[in-house]
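K.L.:
dropping a prediction and its sequence here:
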Amino acid sequence: MGEPNSAPPHHADGCNRTGGANHLTVGCSRGNVSIIGGHNRPDDFTCFPEEEVRARVDDVKARLTSQCSPAAVAIPGRNSAEFRLRETVSTAHLPERSLQLECRHFDKREWDAVLGGFRDANLYQTWSYAAVRWGSKNLSHLILKDGQTTVGAAQVILAKLPALKAGLAYVKWGPLWNARASGADPQVFRRLFRALRQVYAQERGFLLRIAPWEFEDAALGTAPLQEGFQRHSLPTERTVALDLTYSLDELRASLRRHWRANLKRAERNNLEIVEGTTEAFVDEFSQLYRQMRVRKTGWIPPIHYLRQIQRELLSGMKTHTFICKHQGKAAAGLIVSTLGEKAFAWLAATGDCGQDLRGSYLLQWRAIERLKSLGVRTYDLGGINETTHPGTSQFKLGLRGKLGRTVSYLGEFEVCESWPSRVFVGGSDQFRQGLIRLQQFCQERWYGLRNREEDVQS
């Protein structure tokens with residue numbers, strides 16, 4: 001692979017010079033080895049003793065083979081008088097794989113099969129969740145294939161303007177790029193952003209917004225920017241990530257002192273934890289959630305769609321609902337979603353009778369035990385904001401302990417090449433924010449009136 005088309009010219013120093021924009025050439029002459037060229041530097045060369053270079057080449061080859069696919073480190077036999085080393089260390093100069101793009105509307109059975117091939121699959125990328133929330137007609141799907149193997153995928157939610165080539169294309173917690181068959185490849189991650197831009201922004205005229213389920217990473221964070229995306233104006237959300245590869249004893253010892261003490265109290269409170277994936281468990285959780293919405297004064301979104309999503313999900317994709325009971329009565333609940341090697345705490349609620357029982361501590365601990373048994377490696381606790389939700393944030397930070405991490409999500413990225421889409425989405429964002437503020441005001445106003453009525457009656 002990669003032999004020069006013609007013999008390299010000899011120079012007075014005894015070294016052979018051959019260069020190219022994307023390769024290095026190594027030539028042997030009179031006991032020396034010349035390493036020539038490189039990316040846009042074909043005339044740079046240095047001579048070294050041959051045996052020293054042989055040893056270094058063997059060392060580099062061994063290291064590259066352990067980090068890259070064998071095809072990326074194909075080197076001719078060491079007895080060859082000259083051979084070419086392709087630049088494999090910097091991903092910016094990697095020769096791009098030949099990937100095939102397929103974009104169409106997948107049905108539920110087809111898309112569920114695609115999700116099963118990814119370690120980073122998640123609830124928000126399931127057909128069932130998106131179809132219930134946004135309607136199946138508003139879904140579009142894109143996959144990248146390497147031969148017959150699917151290496152990347154994304155489910156896209158479309159909000160279109162009637163009669164205009166404009167609207168919003170949104171990828172929530174995607175694209176998926178950690179394929180079980182080929183592993184996580186940063187080049188595929190970047191190529192997915194390129195393909196999504198080509199199809200939805202350039203060809204269809206949408207404002208494309210992508211929110212990957214990835215924690216902050218310098219290399220991944222620059223990939224969308226290199227493909228012409230900009231960071232969305234919304235602030236980057238922080239969360240707590242637990243490494244579940246540690247043993248239960250190690251995780252428990254890592255807990256903050258007050259969290260471990262409350263867990264012990266919960267274990268002494270004669271509480272029962274039941275778990276299931278049926279709709280009956282979801283219904284029981286929904287009752288606790290409604291109690292919490294009535295009790296709390298802040299804005300808490302409704303979850304009327306929860307039962308239908310659970311019914312539509314395949315058995316292996318259903319969420320896990322944990323209910324804490326005291327004397328046979330539900331006191332607290334937690335819903336966790338896991339499809340691959342990552343899980344996240346989706347919803348949590350405490351009922352009227354569960355505030356002093358420390359049931360939330362026992363729920364999270366039982367969920368961790370369950371996730372470990374399922375082979376989950378990372379548990380995302382679902383976001384923290386110490387300004388707007390100080391109590392919840394302190395609870396999650398206590399569970400983080402010494403072995404967990406406080407991290408930021410990679411953030412949202414967007415690209416738009418159509419002014420009607422820019423105007424439409426900008427106006428929709430403002431309308432949505434105004435509607436949320438109105439709902440918050442009405443909810444808080446209603447709670448205030450109800451509390452004053454209770455004070456008068458007492």
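P.N.:
On my side now, so go ahead.
K.L.:
show me the shaky parts of the stretch 101-250 of the chain.
P.N.:
Residue ranges of the stretch 101-250 of the chain with pLDDT under 70: 233-235.
K.L.:
try it again at 80.
P.N.:
Applying pLDDT under 80 to the stretch 101-250 of the chain flags the ranges 162-165, 233-236.
K.L.:
and the strands in it?
P.N.:
Using DSSP state E, counting those that start in this stretch, the strands found in the stretch 101-250 of the chain span residues 139-146, 149-160, 167-172, 178-179, 183-184, 207-211, 230-231, 238-243.
K.L.:
just the CA coordinates for the last one, please, in PDB.
P.N.:
What it means is strand 238-243. Extracted in PDB, the C-alpha atoms of strand 238-243 (Å, rounded to 0.1, in the frame of the first residue of the first chain):
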ATOM      1  CA  ARG A 238     -23.900  21.000  34.100                       C
ATOM      2  CA  THR A 239     -24.600  17.500  35.500                       C
ATOM      3  CA  VAL A 240     -23.200  14.800  37.800                       C
ATOM      4  CA  ALA A 241     -21.800  11.700  36.200                       C
ATOM      5  CA  LEU A 242     -21.200   8.500  38.300                       C
ATOM      6  CA  ASP A 243     -18.600   5.900  37.200                       C
END
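K.L.:
residues in contact with it: which ones?
P.N.:
215, 251, 368, 377-385, 396-397, 399-400, 403-409 (Cβ atoms under 8 Å, 6 or more residues apart in numbering). C-beta here means a position set from N, CA and C on the backbone, and glycine is covered the same way.
K.L.:
and what of the first one?
P.N.:
Outside strand 139-146, the residues within contact range by Cβ under 8 Å, 6+ apart are 97-106, 111, 114, 127, 130-131, 150-158, 169, 175, 182, 188, 191-192, 195-196, 199-200.
K.L.:
name every strand pairing with it and say which way it goes.
P.N.:
Looking at strand 139-146 with DSSP bridges, its partner strands are strand 100-104 (antiparallel), strand 149-160 (antiparallel).
K.L.:
for residue 157, see how far away residue 169 is.
P.N.:
According to Cβ to Cβ, to the nearest Å, residue 169 and residue 157 sit 7 Å apart.
K.L.:
compare those two (neighbour count), which wins?
P.N.:
residue 169 (28 against 18; other Cβ atoms under 10 Å).
K.L.:
got the strands paired with strand 139-146 as CSV, with distance to residue 426 columns?
P.N.:
Formatted as CSV, the strands paired with strand 139-146 follow (distance: least, Cβ to Cβ, whole Å):
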stretch, distance to residue 426
strand 100-104, 26
strand 149-160, 13
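K.L.:
nearest to residue 390, of the ones you listed?
P.N.:
Proximity to residue 390 (Cβ to Cβ) singles out strand 149-160 among the strands paired with strand 139-146, at 32.3 Å.
K.L.:
so the closest one versus strand 207-211, what angle?
P.N.:
130 degrees (axes from the mean of the first three to the mean of the last three Cα atoms, to 10 degrees).
K.L.:
now strand 149-160: how far from the chain's centre is it?
P.N.:
Chain-centre distance of strand 149-160: 14 Å, with Cα atoms, centre = their mean, to the nearest Å.
K.L.:
the nearest residue to residue 99 once chain neighbours are set aside and residue 116: what is the separation?
P.N.:
Counting by Cβ to Cβ, 6 or more residues apart in numbering, residue 99 lies nearest to residue 144, which is 4.7 Å off, once chain neighbours are set aside. Using Cβ to Cβ, one gets 17 Å for the distance from residue 144 to residue 116.
K.L.:
who has more neighbours out of those two?
P.N.:
residue 144 (24 against 14).
K.L.:
filter the contacts of strand 238-243 to the buried ones?
P.N.:
Buried subset of the contacts of strand 238-243 (neighbour count, 16 or more other Cβ atoms under 10 Å): 215, 251, 368, 378-384, 396-397, 399-400, 404, 409.
K.L.:
so which of those are in strands?
P.N.:
Within those, membership in strands is found for 378-380, as judged by DSSP state E.
K.L.:
between these, which is nearest residue 315?
P.N.:
residue 379 (21.6 Å).
K.L.:
mind listing what that closest one touches?
P.N.:
So residue 379 contacts 241-242, 244, 342-345, 367-368, 371 (Cβ under 8 Å, 6+ apart).
K.L.:
for burial, what's the neighbour tally of the closest residue to it other than its chain neighbours?
P.N.:
Nearest in space to residue 379, with sequence neighbours left out and distances taken as Cβ to Cβ, 6+ apart, is residue 242 at 4.2 Å. Number of residues near residue 242 (other Cβ under 10 Å) recorded here: 25.
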